[in-house]
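Participant: sequence and predicted structure, then a few things I'm wondering about:
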Amino acid sequence: MRRLIDKLERDHCLKKEEWMALIAAEAEKEYLYERARAVSGQYYGNKVYTRGLIEFTNYCRNNCYYCGIRRDNADVERYRLSEEEILSCCKEGYRLGFRTFVLQGGEDAYYTDDRLIHLIRAIKKAYGDCALTLSIGEKSKESCRKFFEAGADRYLLRHETANKEHYRSLHPKELSLEKRQECLYNLKEIGFQTGCGFMVGSPGQTVECLAEDMLFITELQPQMVGIGPFVPHHKTPFASEAAGSVERTLYLIGLLRLLKPNLLLPATTALGTMDENGRERGILAGANVVMPNLSPVGVRKKYALYDNKICTGDEAAECRMCLSGRMERIGYRLVTDRGDPAENECHLAGKKENYVQRNVTESGRVHQ
Ligand code: 5AD
Ligand code: FES
């Protein structure tokens, strides 16, 4: 297995069977994490980037079987923040040192393109030195282009699984893997720094599904990849399914770091929910981003995608302070700059055939 880990670090790609063997074995963990830390150290030193997460609406028109804010969950107390409330989250975040804001929400019809564009412009006008990330689900190419033109810089849209049948088993039929992947390619083409990702241990996920996720990521070449363990939510069809494994999540974080050295890779809240030290362990396995919650404390419990989510109580008002302490204790430091992806020429130059399959630039915007 060491041979495959070395090969991944050297070539930045593996064959499907090789991925499957490595993921199934989950072997040589310490060696993998050591290599992953060395690689992220080369690109990012001991820096951990922070993104201020603003969960601005929990209305959602979708009905994903795993998600606590799915349309059919009538127990959810729905809320949406107004533009003023969102701006005041940004104001507080800016004061705390955040220079990236992530607007995350369900697919909420109230937030039409025009309202979103107004919001994006207002945030960029007030905080022109900050990066703005959208995480608002699948939108048409035209809409995404308008959001980009209004000033949004980045877009997170987890692909959830790259296996067609598995995708079908996680979502109602209105949603399709094809559309999801097409949306991700559109985002890259428009010029967004783009993030995909998946849950680890979602019901029905096999080692083959995970290998396909790795191949999809190799093809898409996103700037960010978010992964976290599946955590059941009691009011969903997957209420009694088993949660995903923390160990496997960490292993995949290590592999992703070697697959794409300059990747922005968060140690997610779901990882912190499944293990008190999950986020620290994520960083030590190769992650380099944390996303503290900036939502008003009063709404945090309502944005419950899964049970027992951390950082939802009053004690979590300042996740930023908590996380910077946590990172310092493991020898890392939270940084406040925008944290754009590091240049990756030294490692990947000359290996283009291994990773670029679409005509999209690797970093920054495509100016039209
Ligand atoms: N457990 C873990 N992650 C979840 N997500 C949604 N529901 C759950 C759950 N039950 C993840 C999905 C989604 C992201 C915003 O949160 O991957 O894309
Ligand atoms: Fe939110 Fe620790 S990060 S309370």
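Facilitator: Thanks, I have it. Numbers count the residues shown, from 1 in each chain. Ligands and ions are numbered 1, 2, ... in the order given.
Participant: how far off centre is the host helix or strand of residue 226?
Facilitator: In this assignment (DSSP states H and E), residue 226 forms part of strand 224-229. Taking Cα atoms, centre = their mean, to the nearest Å, one finds the center of strand 224-229 at 5 Å from the center of the full chain.
Participant: residues in contact with it: which ones?
Facilitator: 154, 156, 158, 193-201, 217, 243-246, 248-249, 252-253, 256, 260, 263-266, 268-271, 274, 289, 341 (Cβ atoms under 8 Å, 6 or more residues apart in numbering). Where you see a C-beta, it was placed from the backbone N, CA and C, and this is true even at glycine.
Participant: the residues you listed in helices, which ones?
Facilitator: 217, 246, 248, 249, 252, 253, 256, 269, 270, 271, 274 (DSSP state H).
Participant: packing partners of the helix or strand harbouring residue 17?
Facilitator: Residue 17 is part of helix 16-25 when elements are defined by DSSP H and E. Under the contact definition 3 or more Cβ pairs under 8 Å, 6 or more residues apart in numbering; DSSP states H and E, helix 16-25 sits against helix 2-11, helix 207-220, helix 246-259.
Participant: spell out which residues of the chain are next to ligand 2.
Facilitator: Residues of the chain lying near ligand 2 by Cβ under 6 Å from any ligand atom: 292, 293, 311, 316, 319, 322, 323.
Participant: filter those down to the buried ones and express that as a ChimeraX selection.
Facilitator: Restricted to buried positions by 16 or more other Cβ atoms under 10 Å, the ChimeraX selection for the residues of the chain next to ligand 2 reads:
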select :292,293,311,319,322,323
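Participant: got JSON lines for the residues of the chain next to ligand 2, with pLDDT, distance to ligand 1 and secondary structure too?
Facilitator: Formatted as JSON lines, the residues of the chain next to ligand 2 follow (pLDDT from 0 to 100; distance: Cβ to the nearest ligand atom, whole Å; DSSP: H, G, I helix; E, B strand; the rest coil):
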{"residue": "292", "pLDDT": "94", "distance to ligand 1": "16", "secondary structure": "coil"}
{"residue": "293", "pLDDT": "94", "distance to ligand 1": "13", "secondary structure": "strand"}
{"residue": "311", "pLDDT": "94", "distance to ligand 1": "14", "secondary structure": "coil"}
{"residue": "316", "pLDDT": "77", "distance to ligand 1": "18", "secondary structure": "helix"}
{"residue": "319", "pLDDT": "91", "distance to ligand 1": "17", "secondary structure": "helix"}
{"residue": "322", "pLDDT": "94", "distance to ligand 1": "21", "secondary structure": "helix"}
{"residue": "323", "pLDDT": "95", "distance to ligand 1": "19", "secondary structure": "helix"}
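Participant: compare the helices and strands packed on helix 16-25 and give me the one nearest ligand 1.
Facilitator: helix 246-259 (10.4 Å; Cβ to the nearest ligand atom).
Participant: how near is the closest residue to residue 9 other than its chain neighbours to ligand 2?
Facilitator: Leaving out its chain neighbours, the residue that sits closest to residue 9 by Cβ to Cβ, 6 or more residues apart in numbering is residue 258, at 4.6 Å. Distance of residue 258 to ligand 2, computed by Cβ to the nearest ligand atom, to the nearest Å: 27 Å.
Participant: residue 258 contacts residue 6, correct?
Facilitator: No - contact criterion Cβ atoms under 8 Å: residue 258 and residue 6 do not qualify, at 9.2 Å.
Participant: more crowded one of those two?
Facilitator: The residue with more neighbours, out of residue 258 and residue 6, is residue 258; 24 against 13, by other Cβ atoms under 10 Å.
Participant: residues contacting the more buried one?
Facilitator: Neighbour list for residue 258: 5, 8, 9, 12, 32, 35, 36, 39, 286 [criterion: Cβ under 8 Å, 6+ apart].
Participant: what's the farthest-apart pair in those residues?
Facilitator: Among these, the pair separated by the greatest distance (Cβ to Cβ) is 12 and 32, at 14.9 Å.
Participant: neighbour count: the two, which is higher?
Facilitator: Neighbours per residue (other Cβ under 10 Å) separate residue 12 from residue 32, with residue 32 holding more: 27 against 19.
Participant: next, the buried residues of stretch 101-108.
Facilitator: 101, 102, 103, 104, 105, 106, 108.
Participant: also stretch 309-318?
Facilitator: 309, 310, 311, 312.
Participant: mind putting those residues into TSV with distance to residue 232?
Facilitator: What follows is the buried residues of stretch 309-318, written out as TSV (distance: Cβ to Cβ, whole Å):
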residue	distance to residue 232
309	12
310	16
311	19
312	17
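Participant: could I get those residues as CSV with distance to residue 148 and secondary structure?
Facilitator: As requested, the buried residues of stretch 309-318 are exported to CSV (distance: Cβ to Cβ, whole Å; DSSP: H, G, I helix; E, B strand; the rest coil):
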residue, distance to residue 148, secondary structure
309, 30, coil
310, 32, coil
311, 30, coil
312, 32, coil
